[in-house]
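# Got a predicted model here, sequence first, then my questions.
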Amino acid sequence: MTEIPLIGSPTAAKANPGLAGARIGVVTFPGTLDDRDAVRAVRLAGATPVPLWHADTTLGEVDAVVIPGGFSYGDYLRAGAISRFAPLMARIIDAANSDARLPVLGICNGFQILTESHLLPGSMIKNDGLLFMCRDQILRVENNTTAWTRDYAAGQEITVPLKNQDGQYIADEKTLDALEAEGRVVFRYVGFNPNGSRRDIAGISNAAGNVVGLMPHPEHAVETGFGPENGSGTEGLGFFTSVLNKIVGDNK
């Protein structure tokens, strides 16, 4: 009998031994769906994933944090609004704003939580058409100088899955103009705006570039044969190798 390989056995990239000491925290809230996918992406990139629970009061000496997607607290009240007050979020906010500038990535619901936490400006509302959207989405890398995008080229187009219902990014014109002028629009939708986000914005950063939020899901595009059919199918892995290479570089 031929042994059936485990799903995802062929890795998308060879792990870099120099990154193995990096510890990347992955936060779970009640209703989080994609924490295991984020953990796998961190591991495939070559680092050590560290599970974090929303009620924790310490970050456990992690080098970066991923806030994954899902429906934290069922999106009751407003997507991400309740999670913003979790004990662990207070530690994440402090660490992200500290002199150390802890790298933080918010994906989908994680992006919503980052806006609710005021780590990123603007807000998220229901998609245009009020429908849940699930598709492979082309993104253009507008800023490749953040902690999470340094392994991409400026202007590079990547394809990653997108799945959201409250994915429309909004902000007042003054805020949008500031984001554009300061180079803080990190990703833009290409070819099709799936949710009506202002100025086709798919992801943004804070001023320091250590905090990035986006609606599409790079953690679902990290393994050959299991990601989008267009492109390599592994074009989300660069998020995780980017932050790991930054951590290793900073520690030299």
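Now that the structure is in, tell me what you want to look at.
# can I assume residue 238 sits in a helix?
Yes: judged by DSSP: H, G, I helix; E, B strand; the rest coil, residue 238 forms part of a helix.
# isn't residue 228 right next to residue 159, touching?
Yes: between residue 228 and residue 159 a contact is recorded at 4.6 Å, counting by C-beta atoms under 8 Å. Backbone N, C-alpha and C define where each C-beta goes, glycine included.
# between the two, what contacts are shared?
Shared contacts of residue 228 and residue 159, defined by C-beta atoms under 8 Å, 6 or more residues apart in numbering, comprise 136, 221, 235.
# Go through stretch 143-152 and flag the buried ones.
The neighbour-count check on stretch 143-152 (16 or more other C-beta atoms under 10 Å) flags 143-144, 146-152 as buried.
# Show me where this protein has its helices.
Ranges of helices within the chain are 35-45, 87-97, 109-116, 173-181, 237-250, based on DSSP state H.
# Show residues contacting the fourth one.
Residues outside helix 173-181 that contact it (C-beta under 8 Å, 6+ apart) are 121-122, 171, 184-185, 198-199, 201, 204.
# are any of these buried, and which?
By neighbour count, with 16+ other C-beta under 10 Å, the contacts of helix 173-181 hold 121-122, 171, 184-185, 198, 201, 204 as buried.
# just to revisit the earlier point, tabulate the buried residues of stretch 143-152 (TSV), appending pLDDT and distance to residue 211.
Shown next, in TSV, are those (pLDDT from 0 to 100; distance: C-beta to C-beta, whole Å):
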residue	pLDDT	distance to residue 211
143	98	13
144	97	16
146	98	9
147	97	8
148	98	9
149	98	12
150	97	15
151	97	18
152	97	17
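# Just put those residues in TSV and tack on distance to residue 43.
Converted to TSV, the buried residues of stretch 143-152 look like this (distance: C-beta to C-beta, whole Å):
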residue	distance to residue 43
143	26
144	24
146	22
147	19
148	17
149	20
150	20
151	17
152	21
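# which ones among the residues you listed are found in strands?
Using DSSP state E, no member of these falls within strands.
# measure the residue lying closest to residue 92 once chain neighbours are set aside to residue 224 for me?
Spatial nearest neighbour of residue 92, excluding adjacent residues (C-beta to C-beta, 6 or more residues apart in numbering): residue 65 at 5.8 Å. Separation of residue 65 from residue 224 (C-beta to C-beta, to the nearest Å): 27 Å.
# Those two: which has the busier surroundings?
Shown here are residue 65 and residue 224; by other C-beta atoms under 10 Å, residue 65 has more neighbours (25 against 13).
# per-residue pLDDT, that one?
You'll see residue 65 listed with a pLDDT of 98.
# what sits against it?
Contacts for residue 65 (C-beta under 8 Å, 6+ apart) come out as 24-27, 52, 59, 92, 95, 102-105.
# Most neighbours among these, please name it.
Busiest of these [other C-beta under 10 Å] is residue 105, holding 30 neighbours.
# Surely it is in contact with residue 242?
No: counting by C-beta under 8 Å, residue 105 sits too far from residue 242 to count as a contact (9.6 Å).
# and of the contacts of helix 173-181, the nearest to residue 216?
Distance to residue 216 across the contacts of helix 173-181 (C-beta to C-beta) is lowest for residue 201, with 11.7 Å.
# How many neighbouring residues does residue 77 have?
By other C-beta under 10 Å, 10 other residues sit near residue 77.
# right, I mislabeled it, should have said residue 154
12.
# how far away is it from residue 183?
Where residue 183 is concerned, residue 154 sits at a distance of 10 Å (C-beta to C-beta).
# Common neighbours of the two, please.
In contact with both residue 154 and residue 183: 142-143, using C-beta under 8 Å, 6+ apart.
# now stretch 64-84: how far from the chain's centre is it?
Stretch 64-84 has its C-alpha centroid displaced from the chain centroid by 13 Å (C-alpha atoms, centre = their mean, to the nearest Å).
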